[in-house]
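Novice: Here is my input; please provide its structure:
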Amino acid sequence: MTIDFIAEANAMREELVERRRDFHQHPELAFEEVRTAGIVAEELNKLGLEVQTGIGKTGVVGILEGDKEGPTVLVRADMDALPIIEANQTDYVSTVDGKMHACGHDGHTAIGLGVAKLFSQHRDKLAGRIKFVFQPAEEIGAGAKAMVADGVLQNPEPDVSLGLHLWNTERVGALNVQTGPVMAGISQFEITIHGKGAHGAMPHEGVDPVVCAAQMTLALQTIVSRNASPLDSAVVTVGQIIAGTAHNIIPESAKLVGTYRIFREEVRDLITERLTTIAEHTAAAMGCTVDIHLDHQALPVSNSEEVIERAKNAWTKLGKADDFYFERTTASEDVGVFMQDIPGMFFFLGSGNDEKGLNYGHHHPRFDFDEDVLPIGVAVLSAAVAEYILEA
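Specialist: Predicted coordinates:
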């Protein structure tokens, strides 16, 4: 039995665009996705899925049972927006001040609903089930953990995990099919340096945490340049140095806030150990003390070779073989939480269009994507799912 995924997805184009634009006009931040989750749950109920809400606070799960027994395929889409003031001037700009879908999650949610609709019309051809997971709070790296804590990987336990991310640096329809790690794991750090305040004109009477913060920022860069192997990719970035209230006051404390990104957990452990040692010893050398807070927000996203090969086979049948490319990024995604113990694939789908000016990067206030990607997303994601549950 076969399904013409391209034709059926193209037939949904108007509906997909309308749905995506509605989500875009009504962005909701992490764990605030009440309206979005409500729409998702309502649509899944209309399609006859078994629906659960409130999973991971505002997450939604919909289970589509086939007529025959078979494996369980998890399909994940994220729903949250970003705290960005939109600079676009389209008919569907954000109506919520200071909030914007600047990463494509509005498209992901629309595509996820499109896949659910497509397969709900072919339930008789399915041997197994699809577990649609609409996740909150990806942008703060907390939604996947929250859903797992609420049992999203149980009853039933998935056999494979699939998901996509629209990618504006590539042309519409390009498919990243990289095996192994494709997105970095992310850890966040906060280092509070305690010194002794004093008058700026009399620094000898104090212990300057600002000077200590400067020394520490420089020393942290040696982790990548001198401790991590040149054969491993790693990033350590201090994104904020917070200190002081006036030009002539040596403050009591200073704070460094930053991130590190890795593709192997062993490298994360190395950076964690070196960061802690450097912070403590630099502070001691400067007469300060430190408090260190670490948050390992997301694991690296690593694709199963077997799952990738099956997807490439499915996409080749769709005539997409010339659209394959291979790339990984130090950007991060908490979808790796779902894939930690389950073979899976998280792929990038090109959504940019230079001719239309739709080529601003993710998290930019003018981010927008070519909506021609929406039916393509439904078709390619559906074809990958079908490799596991479509009856031969």
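Novice: What score does the nearest residue to Asp208 once chain neighbours are set aside have for pLDDT?
Specialist: Spatially, and ignoring its direct neighbours in sequence, Asp208 is nearest to Ile250 (5.2 Å; Cβ to Cβ, 6 or more residues apart in numbering). All C-beta atoms are positioned from the backbone trio N, CA, C, and that covers glycine. Ile250 carries a pLDDT value of 98.
Novice: Show the contacting residues for the residue nearest the centre of the chain.
Specialist: Nearest to the geometric centre of the chain sits Glu333, at 3.0 Å (Cα atoms, centre = their mean). Taking Cβ atoms under 8 Å, 6 or more residues apart in numbering, we find Glu333 in contact with 138, 165, 183, 298, 301, 346.
Novice: Can you tell me the number of residues neighbouring the closest residue to the fifth one other than its chain neighbours?
Specialist: If you skip the residues right next to it in sequence, Val301 has Met183 as its closest partner in space, 3.9 Å away by Cβ to Cβ, 6+ apart. Taking other Cβ atoms under 10 Å as the neighbour definition, Met183 ends up with a count of 26.
Novice: Show residues contacting the helix or strand hosting Pro71.
Specialist: Secondary structure from DSSP states H and E places Pro71 in strand 68-78. The contact list for strand 68-78 (Cβ under 8 Å, 6+ apart) reads 105, 108-109, 111-112, 115, 126-136, 138, 143, 153, 156-163, 335, 338, 342, 344, 381, 385, 388-389, 391.
Novice: Kindly provide the distance from the nearest residue to Val290 once chain neighbours are set aside to Leu256.
Specialist: Using Cβ to Cβ, 6+ apart and skipping the chain neighbours, the partner closest in space to Val290 is Ala283 (4.4 Å). Counting by Cβ to Cβ, to the nearest Å, the gap from Ala283 to Leu256 is 11 Å.
Novice: ok, now Met12?
Specialist: Taken as Cβ to Cβ, the span from Met12 to Leu256 is 48 Å.
Novice: the more surrounded of those two?
Specialist: Between Met12 and Leu256, Leu256 has the larger neighbour count (other Cβ under 10 Å), namely 24 against 21.
Novice: mind checking pLDDT for the more buried one?
Specialist: On pLDDT, Leu256 comes in at 98.
Novice: is it true that it touches Ile191?
Specialist: Yes. Using Cβ atoms under 8 Å, Leu256 makes contact with Ile191 at a distance of 4.4 Å.
Novice: Find the residues that touch each one of the two.
Specialist: Common contact partners of Leu256 and Ile191 (Cβ under 8 Å, 6+ apart): Met216.
Novice: How about the contacts made by Glu157?
Specialist: Thr72.
Novice: same question, Met147
Specialist: 55-56, 59, 61, 133, 135-136.
Novice: remind me which residues of the protein are low pLDDT?
Specialist: Confidence mapping of the chain against pLDDT under 70 gives the ranges 1, 392.
Novice: residue contacts, Val337?
Specialist: By Cβ under 8 Å, 6+ apart, the contact set of Val337 is 144-145, 148, 298-299.
Novice: Between the residues you listed, identify the one with the most neighbours.
Specialist: Going by other Cβ under 10 Å, Ala144 tops the contacts of Val337 with 30 neighbours.
Novice: residue ranges for the helices of the chain, please.
Specialist: 5-11, 13-25, 34-46, 105-120, 143-149, 209-220, 222, 265-285, 305-317, 373-389 (DSSP state H).
Novice: now the shortest one, how far from the centre of its chain.
Specialist: Looking back up the chat, that one is helix 222. Distance, stretch centre to chain centre, for helix 222: 28 Å (Cα atoms, centre = their mean, to the nearest Å).
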